[in-house]
Every structure is written in structure tokens, then in C-alpha cells.
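> missing the sequence, but the structure's below:
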């Protein structure tokens, strides 16, 4: 089965609302990264995490290595937040494994 | 200006032909990667490199070769392109396996 699972697979948010994306993994992870792929296809790094939390503007992310999951919280969603969010986990084999992504649509 | 540049941005190839995708980075990073993305899916690692003149197999290396002639350049080679290799290919660089910086992607169609 998938070593890195993201949920939900798709999500619609009203502009101005909040939500959380989740990334569960079945491998021992040392770091987690979150990316946004915009509708044009470009990939942008959002967070690089060791166990703990980080915050950047309306985004906040946490990585719990003991429970093997990471979350990405979006506050006050804006139209430009639309796209596909990927988490990627660095395992003991030193390879970065990506989840299947969460497609986020922010609607006015 | 883009620090990871891929060329070409798109390509149409014939089955059985040779395809070379190029990647150039100005980040001075040790690590470089090639991923493929199929429609509606995440990224899968094909090959990577952590030093010039050396490459490592990723999770799906079959049908692909890689070349790292310098720290700045990393190529992906399809010796005999097949229909199943139609995908979008992304190159990325990173320092010590930290934050990945991606190129804009190459859309490859094999007919």
C-alpha cells in the first residue's frame, strides 16, 4: 500500500474559512516537506519540517514523528490558495516519498 | 530568475526514439533529482545524484538513465522511449536533502 497517504483527496473551501490537510505515513520519517502545485503546474515549497511546528503567514504546519503524521493548516483561505498540496517524507533510505496530493478549490 | 531550469519545456517523441531532458541549476546545491508526475498523481523519483559524475537509482529507474556531468547539470535519458513514459518530468535541486527547489517541468508525449 501507499507509504504516504494524504487526506482528504479533494476539498472545496469558501473564501475566508479555515481547514486542515493531513499526511499520514507508514515509514520512519526524519523530515517532512509540503508543496503547492498551482493550476499552471509549478511546484512551490511551503514548509521544510523536522519534528515540531512552523508558521508562515496564513499557513501553519506540524510534524509529529512519533505518531507518523503531519498537518497543514490554512487560515482565512484565499482564491490564490487553490491548487494541489503535496506532502513529501524523507525516510531512512534517504529517499523523499510523495503523497498523492490534496486538490484544494477555494470558491468565492 | 529561475534557479532550476529545464529544457525543453515540452516535447513530442516517437516510440523507440531517444529523448534527453536537461536540467541546469544555479543554486550551488549538491543534490539533484528527476521525478515524473502522471496525471492526477504525486511525484515518483526516477534518479538522483548527490555529487557530480555519480547517479543513484530512485524508485522507478527502469527505462531511464541519468547523467550528472557537473554540479550544475543533470540529464535524464530515455534510450528507447515508450508510450508509458508519457508524463510530466520535474527536476529539482536541494542542499543536503533539505528544501527541494523544482524546475517548471517538461511535458513529454510519446506517440
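Great, that's in hand. Keep in mind that what you see is a predicted model, and the values were worked out from it rather than measured.
> contacting residues for the spatially closest residue to residue A:81 that is not a sequence neighbour?
Of all residues not flanking residue A:81 in the chain, residue A:106 sits nearest, at 5.2 Å (Cβ to Cβ, 6 or more residues apart in numbering or on different chains). Any C-beta I mention is one placed from the backbone N, CA and C, and that applies to glycine too. Contact analysis of residue A:106 by Cβ atoms under 8 Å, 6 or more residues apart in numbering or on different chains lists A:12-15, A:77-82.
> Which among those count as buried?
If you count burial by 16 or more other Cβ atoms under 10 Å in any protein chain shown, the buried members of the contacts of residue A:106 come out as A:13, A:77, A:81-82.
> Residue 23: how many residues sit nearby?
By default, I'm working from chain A. 26 (other Cβ atoms under 10 Å in any protein chain shown).
> Chain B was what I was after
Count around residue B:23 with other Cβ under 10 Å applied: 25.
> Could you give the bridge partners of the closest residue to it other than its chain neighbours?
Leaving aside its chain neighbours, residue B:23 sits nearest to residue B:91 (3.5 Å; criterion: Cβ to Cβ, 6+ apart). Going by DSSP bridges, residue B:91 is paired in beta bridges with residue B:34.
> Next one: the residue most central in space within chain B relative to chain A, how far apart?
By Cα atoms, centre = their mean, chain B has its centre lying nearest to residue B:34, at 3.2 Å. Distance of residue B:34 to chain A, computed by Cβ to the nearest Cβ, to the nearest Å: 12 Å.
> which stretches of chain B aren't confidently modelled?
B:1-2 (pLDDT under 70).
> Quick check: residues of it near chain A?
B:33, B:35, B:41-45, B:48, B:58-59, B:88, B:90, B:92, B:97-102, B:104-105 (Cβ under 8 Å from any Cβ of the partner chain).
> That'll do, ta.
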